[in-house]
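> I would like to see how this sequence folds:
(chains A and B)
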Protein chains: 2
Amino acid sequence: MPKIARQWLCDILETVYQRRTVTRSEVARATGLNTASVSLGLQYLLKRGTIVKVGELDSIGGRRAEVLKLNAEAAYFVAVDLEGSRIRFALTNCVGDIRYRWEEDLEFGQTLKVERIVEGIRMALHGARETDRSRVLAIGISHPGIVDEKRRITAFNVGWRKFPLLTELAQAFDLPIFMEHGHRTSILAERWLGRAQGYDSCIYMMIKQGVGVGIFSNGHEVAGRNEMSGEIGHVTIDPSATDQCNCGKQGCLEAIISSPNIVRQYYERKGRKIRSVVDAQVGEVFARAREGDEVANEVLDRVGRYLGLGLSVLVNLFSPEIIILGGDVLRGADVLLPRAERELRRSAIPDFCEGLKLTTSSLGMDIGLKGAASLAFRNALRDQLLLEKLTDPQSTYA
Amino acid sequence: MPKIARQWLCDILETVYQRRTVTRSEVARATGLNTASVSLGLQYLLKRGTIVKVGELDSIGGRRAEVLKLNAEAAYFVAVDLEGSRIRFALTNCVGDIRYRWEEDLEFGQTLKVERIVEGIRMALHGARETDRSRVLAIGISHPGIVDEKRRITAFNVGWRKFPLLTELAQAFDLPIFMEHGHRTSILAERWLGRAQGYDSCIYMMIKQGVGVGIFSNGHEVAGRNEMSGEIGHVTIDPSATDQCNCGKQGCLEAIISSPNIVRQYYERKGRKIRSVVDAQVGEVFARAREGDEVANEVLDRVGRYLGLGLSVLVNLFSPEIIILGGDVLRGADVLLPRAERELRRSAIPDFCEGLKLTTSSLGMDIGLKGAASLAFRNALRDQLLLEKLTDPQSTYA
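Just a heads-up that it's a prediction; the model follows:
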């Protein structure tokens, strides 16, 4: 493949991935390539089975437009989600559909050993038929915590302090491994497979044990130095608040709106203590609020207000078209979101709120896996060898 | 010019602009073009006088490397800065040096009529010699306020409500007009001419009557919907604060740290009232703090703390390499910045603070003009006709 053609193929495949089904002229519009180049690229991919024809559009005169889509089984990926109280492993096809999965609960605060991750990846690989195993192109990982310039991870929920995950895993597998923070893989999944499709300025906010955001601004990812950014959870949302954060500070957004902290506030007001965050059943607080429990509603008033303030920070700084909420908040969207939206509209610049969409993720608890799969696919397109594997019948359809 | 060559020229010229002086191999490294393409492009530009040779590097064997730079007088721009209590107009050369300037004070709260801007631009154009006037390529504008989807400006300091500035000016001038918010032109000026040179993740924060930021993340501008973003000034920095903001809310960062509000807090604590913000002499508060005035120091403690909190929001969300402060704060950097930095390091994620540079702008009060000139140059490169004018001896050296 000449170099220029490789970039074309990459652009075309990204478009087909995002839109699910496309016509030639749609690809031309989306990529900015001329129709001759698009035709050439699509023919190349059709011949090799990377994309397939699914039908034709009716047309008033002239040729009927072919409708094409990615051959979902043209390649597989291993997706790993290490963010949260349960670690997840999956074998996914080319477009992020989960073909096989393996999950394990994490004991909070205990160190997650690399052997368990290696074992989980092996389990996911076992999900592939013998004949398909050569079509597994890469491993994608959604990870928690903070990464340093040497790509070592510090994450308290898995007990890591500057842990060289990539280096360790590279010793166990021959496959290329790509990793990014769960916030960032999540917004990728939302843009490619979820509700942020077609939005160039979009934000995904995750609320689980931690709180963070993944951001695209005008089509570009906001990645930050060392590819770290989006730590809205540790923004001091109220300097007067005494809520104690895991990070050592007080008044962090996360110390008020994360799911264990919602539960904490509920039990504190009830005059009860909880033994540990493992006891945290945020769904119960939401349920009690729905039943009219006064204390639960007081807590959600406060949480909703601070969530709205946090959202207003994002709106004022980025002016996005859409914000998508995910994580545990999904279970309480009906009771929490109206409260948050009220504060958002009070605190954000009115012009920036006009037409802004605030919604919840449709990808559910699989978003970390979907994000890891999207990351693996995106990075495979950018890797000469992997792109060749994806588009070469000799190596991918042996 | 064929299309591909145009993109090469554009990339080469942007590199030469940013680096001031370059060698052929530096251009190749920065643009990613192969040396043959770079040589071709540089030859083309040298022949046309758009770039000039300024010397040769000593070399151990082999050919001595030519040192090249942009011909600063290859083109001129009109730069307009409408942000602040004084409107500024300038004729600049190709690299943002101000050749002629025209300034006027604004009466606060009075509507700025388009006729005054037209007149100011005419004055700037008069600064060009008759023979040079054909080499004025475009008008660049740094504007205040908020822009809607029709590019109409709402800005209270100039009394505009959905004012169609571009449309109005287009009727008065044949030149192409480019406009962007002052925050965004400022970070462009810092990246091209100031202290953010070479930093892909950088933020410029302006503190004057208003407070806002311009942001580059990993080499991409954070532009936002309708090209509006960076409104850190209207982030609710403390929900308990009763400081009243111009926007109608309380507790906005701007309501505490903008220069009129620094003065307000000083006089309030002194038990005095000020008639209007025109009386605001923030430099005096800084001076009194230096002399040990207790009230002034109390105010700066508070302002420094909230400035630090605001900076920590930016650091946690973007993890930039450098933050540059500009505007009135320049006059009090010695008394204000140490206080802000203390709070920043307390409130931001420690890993994100490691190696982070916090500094003041070296471009002084001209940053709005420099930004407008940088904007005009950048957009001229992206415009086929203007790029041809910049590189065509027939039209630019008539």
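> What residue in the stretch 1-150 of chain A comes nearest to chain B?
When distances are taken as C-beta to the nearest C-beta, the stretch 1-150 of chain A approaches chain B most closely through A:Ile146, which lies 5.3 Å from it. (Each C-beta comes from the backbone N, C-alpha and C, glycine too.)
> For that residue, which residues are in contact?
A:Ile146 sits next to A:153-155, A:228, B:349, B:351 when contact means C-beta atoms under 8 Å, 6 or more residues apart in numbering or on different chains.
> So which residues of the stretch 101-250 of chain A form strands?
Read by DSSP state E, counting those that start in this stretch, the stretch 101-250 of chain A holds these strands, from start to end of the chain: A:136-143, A:146-147, A:153-155, A:160-163, A:177-181, A:202-207, A:211-217, A:220-221.
> Nearest to A:Met123, out of these?
Closest approach to A:Met123 among these is made by strand A:136-143 (12.8 Å; C-beta to C-beta).
> The closest one: partners in the sheet, and parallel or antiparallel?
If you go by DSSP bridges, strand A:136-143 pairs up with strand A:76-81 (parallel), strand A:177-181 (parallel).
> thinking again about what came up before, of the contacts of A:Ile146, just the buried ones, ChimeraX syntax please.
What follows is the ChimeraX syntax selecting those of those that are buried according to 16 or more other C-beta atoms under 10 Å in any protein chain shown:
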select /A:153,155,228 /B:349,351
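> For the contacts of A:Ile146, name the two members farthest from one another.
Taking C-beta to C-beta as the measure, these span a maximum distance of 14.2 Å, between A:Ile153 and B:Ile349.
> if we can go back for a sec, let me know the closest of the contacts of A:Ile146 to B:Gly283.
Comparing those against B:Gly283 with C-beta to C-beta places B:Ile349 closest, at 34.0 Å.
> for chain A, what's the longest helix?
Under DSSP state H, the helix in chain A containing the largest number of residues is helix A:294-318.
> correct me, but A:Gln209 touches A:Ser258?
Yes. In this structure, A:Gln209 sits in contact with A:Ser258. The criterion is C-beta atoms under 8 Å, and the distance is 5.9 Å.
> So if I had to pick from these two, which one is more boxed in?
When neighbours are counted by other C-beta atoms under 10 Å in any protein chain shown, A:Ser258 comes out ahead of the other of A:Gln209 and A:Ser258, with 29 against 23.
> Let me know the distance separating that one from chain B.
Computed with C-beta to the nearest C-beta, to the nearest Å, the distance linking A:Ser258 and chain B is 15 Å.
> Repeat that for A:Leu325.
From A:Leu325 to chain B the distance is 17 Å (C-beta to the nearest C-beta).
> Give me the secondary structure label for that residue.
strand (DSSP: H, G, I helix; E, B strand; the rest coil).
> quick one: pLDDT of the residue of the stretch 1-150 of chain A closest to chain B?
With respect to pLDDT, A:Ile146 scores 86.
> same check, this time on A:Tyr306
For A:Tyr306, the model assigns a pLDDT of 98.
> Could you check how far it is from B:Leu166?
Per C-beta to C-beta, to the nearest Å, A:Tyr306 is found 40 Å from B:Leu166.
> quick one, which of the two is more surrounded?
Here A:Tyr306 and B:Leu166 are compared on neighbour count by other C-beta under 10 Å; more neighbours surround A:Tyr306, at 22 against 17.
> Could you check how far the nearest residue to the more buried one once chain neighbours are set aside is from chain B?
Leaving out its chain neighbours, the residue that sits closest to A:Tyr306 by C-beta to C-beta, 6 or more residues apart in numbering or on different chains is A:Ile256, at 4.7 Å. Separation of A:Ile256 from chain B (C-beta to the nearest C-beta) stands at 11 Å.
> Distance check, A:Ile256 against A:Gln250.
Going from A:Ile256 to A:Gln250 by C-beta to C-beta gives 10 Å.
> And the two? Which one has more around it.
A:Ile256 (26 against 15).
> same for whatever helix or strand that one lives in, what does it pack against?
In the assignment (DSSP states H and E), A:Ile256 maps to helix A:254-257. The elements that helix A:254-257 packs onto, with contact taken as 3 or more C-beta pairs under 8 Å, 6 or more residues apart in numbering or on different chains; DSSP states H and E, are helix A:259-269, helix A:294-318.
> worst average pLDDT in those helices?
Out of the helices and strands packed on helix A:254-257, helix A:259-269 stands lowest, with a mean of 93 (criterion: mean pLDDT).
> Specify the angle between that one and strand A:211-217 in degrees.
The directions of helix A:259-269 and strand A:211-217 differ by 140 degrees, with axes from the mean of the first three to the mean of the last three C-alpha atoms, to 10 degrees as the criterion.
> for helix A:259-269, packing partners?
For helix A:259-269, the helices and strands in contact under the criterion 3+ C-beta pairs under 8 Å, 6+ apart are helix A:254-257, helix A:282-290, helix A:294-318.
> Can you tell me which of these is most buried?
Of all the helices and strands packed on helix A:259-269, helix A:254-257 has the most neighbours on average by mean count of other C-beta atoms under 10 Å in any protein chain shown, namely a mean of 27.
> how far does stretch A:369-378 sit from the chain's center?
Averaging C-alpha positions (C-alpha atoms, centre = their mean, to the nearest Å) puts stretch A:369-378 8 Å from its chain's average.
> if we look at that stretch, which residues are touching it?
When contacts are taken as C-beta under 8 Å, 6+ apart, the neighbours of stretch A:369-378 outside the stretch itself are A:14, A:17, A:77-81, A:88, A:90, A:92, A:94-96, A:98, A:101, A:137-142, A:178-180, A:182, A:184-189, A:192-194, A:363.
> need the strands of the stretch 101-250 of chain A in CSV with distance to A:Val38, can you?
Below are the strands of the stretch 101-250 of chain A laid out as CSV (distance: least, C-beta to C-beta, whole Å):
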stretch, distance to A:Val38
strand A:136-143, 24
strand A:146-147, 37
strand A:153-155, 41
strand A:160-163, 44
strand A:177-181, 28
strand A:202-207, 26
strand A:211-217, 24
strand A:220-221, 24
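> confidence score at A:Ile51?
A:Ile51 carries a pLDDT value of 92.
> Touching, it and A:Glu66? I think so.
No. Between A:Ile51 and A:Glu66 there is no contact, the gap being 10.2 Å when judged by C-beta under 8 Å.
> Settle it for me: which of these two has more neighbours?
Taking other C-beta under 10 Å, A:Ile51 and A:Glu66 do not tie; A:Ile51 has more neighbours (23 against 15).
> need the contact list for the closest residue to that one other than its chain neighbours.
The spatially closest residue to A:Ile51, leaving aside those adjacent along the chain, is A:Leu45, at 4.5 Å (C-beta to C-beta, 6+ apart). Taking C-beta under 8 Å, 6+ apart, we find A:Leu45 in contact with A:9, A:12-13, A:51, A:391.
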